[in-house]
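Peer 1: Sequence and predicted structure are below.
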Amino acid sequence: DAGVTQSPTHLIKTRGQQVTLRCSPKSGHDTVSWYQQALGQGPQFIFQYYEEEERQRGNFPDRFSGHQFPNYSSELNVNALLLGDSALYLCASSARDRDDTGELFFGEGSRLTVL
Amino acid sequence: GNSVTQMEGPVTLSEEAFLTINCTYTATGYPSLFWYVQYPGEGLQLLLKATKADDKGSNKGFEATYRKETTSFHLEKGSVQVSDSAVYFCALSDQGGNKLVFGAGTILRVKS
C-alpha cells in the first residue's frame, strides 16, 4: 500500500519564479492538505482540498494556490517566489468520511530553496 | 484561535533515561490530540493520538494522556534509545478535524 508520495524532493528557484509541487495521497484517501514547515518550526496549514475544491485555507497569501484532480492527487503552486518561501512543503492525506479524528498521513516533503 | 505550546529543546538524555516532553493546548470544543515524530530527512509520522479526555495514546513505548482539566498532553517514555533521537511535534485537530495545529517541535537527542 503506497503512502503519500511527493515530487520533487528538492528544488532550487530564484526570487520571482514560480514553482509547482505535486502530491499523490495514500490509497483510499480523498482529502489532501498542504503544510509549510520553515526551518526549526512546526508545520503551518496552507490549505485543504476535497472533491477538487479548496475547502479551508490558512493564513497564506494568494500567491499560494492549489488544485486537486479527479484521481485525488494535488498540486501546490507558488507564484512570485520570495526568499521567505524557502521551506519544506508537506502534503498530507486523509479519508474525510471514514475518520473524523483528524489523523493525517504525511509525505516526506518537497524542500524548496529560493535564492 | 487554537494553539499548541511545547517545551523548548533541545532535550539531551542518556540512553535508558526517562523522557517527558510537555505539551499544553488552547482550544475550543473537543479536539483530538496527536504526537508526531520527524526523523532526520524524513516527513512526519504519527506516533500516537487520543481523541477524548482521559484517553491514553501509546506506541513504541511512548505514552500520552489527554488531560482536559490541565489542557495538557505530555509525552513520556520510560527508557529512551539512541534511535528515538528526532523532533517531536504535539498537535491538535482544528475545526472538525479538517486541519492540524502544530507546536514548534522539540528536538530530542539521546546519547549512548
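Peer 2: Right, received. Where do you want to start? Numbering: from 1, shown residues only, chains lettered A, B, ... in the order given.

Peer 1: Can you name the residues of chain A that neighbour chain B?
Peer 2: When proximity is defined by C-beta under 8 Å from any C-beta of the partner chain, chain A lies next to chain B at A:4, A:33, A:40-45, A:48, A:55-56, A:58, A:90, A:92, A:99-109. The C-beta positions use only the backbone N, C-alpha and C, and glycine is treated the same way.

Peer 1: Generate a ChimeraX selection restricted to the buried entries among those residues.
Peer 2: The ChimeraX selection below is limited to those of the residues of chain A next to chain B classed as buried (16 or more other C-beta atoms under 10 Å in any protein chain shown):
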select /A:4,33,42,43,44,45,48,56,58,90,92,101,102,103,104,105,106,107,108,109
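
Peer 1: who touches residue A:52 in this structure?
Peer 2: With contacts taken as C-beta atoms under 8 Å, 6 or more residues apart in numbering or on different chains, residue A:52 has the following neighbours: A:67, A:68, A:69, A:70.

Peer 1: again with residue B:25
Peer 2: Residues in contact with residue B:25, defined by C-beta under 8 Å, 6+ apart, are B:2, B:3, B:4, B:5, B:31, B:33, B:71, B:72, B:73, B:90, B:92.

Peer 1: Which of the helices or strands spans the fourth one?
Peer 2: Put plainly, it is residue B:5. Here residue B:5 sits within strand B:3-6, counting by DSSP states H and E.

Peer 1: So for that strand, mean pLDDT?
Peer 2: For strand B:3-6, mean pLDDT is 95.

Peer 1: which outside residues touch that strand?
Peer 2: Under the contact criterion C-beta under 8 Å, 6+ apart, strand B:3-6 has outside partners A:42, B:21-27, B:88-92, B:101-106.

Peer 1: Give me the buried entries from these.
Peer 2: Among the contacts of strand B:3-6, those classed as buried by 16+ other C-beta under 10 Å are A:42, B:21-25, B:27, B:88-92, B:101-106.

Peer 1: okay, whichever residue of chain B sits closest to chain A: pLDDT?
Peer 2: Of all residues in chain B, the one sitting closest to chain A is residue B:93 (2.6 Å; C-beta to the nearest C-beta). On pLDDT, residue B:93 comes in at 88.

Peer 1: so it, which of the three states?
Peer 2: Put simply, residue B:93 is strand when judged by DSSP: H, G, I helix; E, B strand; the rest coil.

Peer 1: Count the neighbours of it for me.
Peer 2: For residue B:93, the count of nearby residues is 25 (other C-beta atoms under 10 Å in any protein chain shown).

Peer 1: for residue A:37, same thing?
Peer 2: If you count neighbours by other C-beta under 10 Å, residue A:37 ends up with 22.

Peer 1: buried residues in stretch B:105-112?
Peer 2: For stretch B:105-112, the buried set under the neighbour-count rule, 16+ other C-beta under 10 Å, comprises B:105, B:106, B:108, B:110.

Peer 1: my bad, stretch A:63-75
Peer 2: Applying a neighbour-count criterion of 16+ other C-beta under 10 Å, one finds A:64, A:65, A:66, A:68, A:72, A:73, A:74, A:75 buried in stretch A:63-75.
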